[in-house]
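**Q** One predicted model, sequence on top.
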Amino acid sequence: MGIFGFFSKKDKDKLDQGLNKTKKSVFSKISRAIAGKSKVDDEVLDNLEEVLITSDVGVDTTLKIIERIEKRVARDKFLGTQELNTILKEEIAALLEENQSADHQGFSIPEGKKPYVILVVGVNGVGKTTTIGKLAYQYKNAGYKVMLGAADTFRAAAVDQLIIWSKRVDVPIVSKGMNVDPAAVSYETVKRAVEEDVDVVIIDTAGRLHNKINLMNELSKIKRVMKKVIPDAPHEIMLVLDASTGQNAIEQARQFTAATEVNALALTKLDGTAKGGVVIGISDMFKVPVKYIGIGEQMEDLQVFNRTAFVDSLFEEEK
């Protein structure tokens, strides 16, 4: 299986390409931070702190990383700046491991969870509908029978886009059009999924960050009606965030994790941004596993997040 388990060389090459902007940005900033220095001292650490914060890792997570490096510097008195990349890589990998970002084994569902119900939340414009389409494609490609539910009924474009994706991927969809009760669509979707022996159900929900109480009530109602059909549904509440928005993505994560029990994250548009550091900050701040990352426009360009491959790619020097 190789060093990354299910993670193929093709996946790794795509990840390297997708993280290219972030990698170049981080490396150039680190190079400037250590220019003219031979060992890691207070000035280098101050500069590194600035590098991480401006790479959208987030203040709290940055301070945690710097504190860990300070301890290593205190222990190994003469750490050279040439070792800084290795140390940084090791500490970020350790942080991701502690924060439950496990290396998921491909696009698979747990034993005894059929149909496996994924409820998708996130604001408009983050790539939510596209992520659902790509997710449907990946699960279908893995041999599962997939069904979509169009429960973001407040926006015509959301329903229409999901119908287009269902045709593109060639999977069935439950849609009742606009301005109907999202809970009714969700109920109908899981009911049909059980009747038609579906493996994976992916339901799109409200694409707006309106009043948190309303959002909470809406999602609670959706979950309540699902449980009438599948008592332990939904199995996954996945929040989709646009990595290119940096700190705004962190704020959205804060709002949604406060409103509902988010237990998986998908970060989109990593290939178009130098703000890939936000993956580290979000994983650390909210203790919710990053499960998927979007690194391109094609259907296969949604990857299961592999922390080992991610950190290796981020700190891999240009060949």
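**A** Thanks, I have it. Because the structure is a prediction, the values reported are computed rather than measured.

**Q** Excluding chain neighbours, what is closest to the residue nearest the centre of the chain?
**A** Most central in the chain under C-alpha atoms, centre = their mean is A266, positioned 2.4 Å from the mean C-alpha point. Nearest non-adjacent residue to A266, counting by C-beta to C-beta, 6 or more residues apart in numbering: Y292, 4.0 Å away. Every C-beta, even on glycine, is put in place using the N, C-alpha and C of the backbone.

**Q** For that neighbour, give the beta-bridge partners.
**A** A266, V304 (DSSP bridges).

**Q** residues contacting it?
**A** Taking C-beta atoms under 8 Å, 6 or more residues apart in numbering as the criterion, Y292 is in contact with T131, L135, M238, A264, L265, A266, L267, L302, Q303, V304, F305.

**Q** quick one, helices of the stretch 101-250 of the chain?
**A** For the stretch 101-250 of the chain, the helices defined by DSSP state H, counting those that start in this stretch cover 128-141, 156-169, 182-195, 212-227, 247-259.

**Q** In the strand or helix carrying K64, which residues are buried?
**A** If you go by DSSP states H and E, K64 is part of helix 59-75. Within helix 59-75, the residues that count as buried by 16 or more other C-beta atoms under 10 Å are T61, T62, I65, I66, R68, I69, V73.

**Q** what helices or strands is it leaning on?
**A** Where contact means 3 or more C-beta pairs under 8 Å, 6 or more residues apart in numbering; DSSP states H and E, helix 59-75 is packed against helix 42-54, helix 84-98, helix 278-286.

**Q** List the buried residues for the last one?
**A** By neighbour count, with 16+ other C-beta under 10 Å as the criterion, the buried positions of helix 278-286 are V278, V279, I280, G281, I282, S283, D284, M285, F286.

**Q** Isn't A142 up against G106?
**A** Yes - in this structure, A142 is within contact of G106 by C-beta atoms under 8 Å, at 6.7 Å.

**Q** How many residues are close by I109?
**A** 17 (other C-beta atoms under 10 Å).

**Q** contacting residues around it?
**A** Y116, Y139, Y144, D199, V200.

**Q** Please tell me which one of those residues counts the most neighbours.
**A** Highest neighbour count within the contacts of I109, by other C-beta under 10 Å: V200, with 28 neighbours.

**Q** Show me what that one bridges to in the sheet.
**A** Beta-bridge partners, per DSSP bridges, of V200: Y116, V146.

**Q** That one touches G149, doesn't it?
**A** No - V200 lies out of contact with G149 (C-beta under 8 Å); the separation is 11.4 Å.

**Q** Pick the most deeply packed of the helices of the stretch 101-250 of the chain.
**A** Stretch with highest mean neighbour count among the helices of the stretch 101-250 of the chain: helix 128-141 (a mean of 23; mean count of other C-beta atoms under 10 Å).
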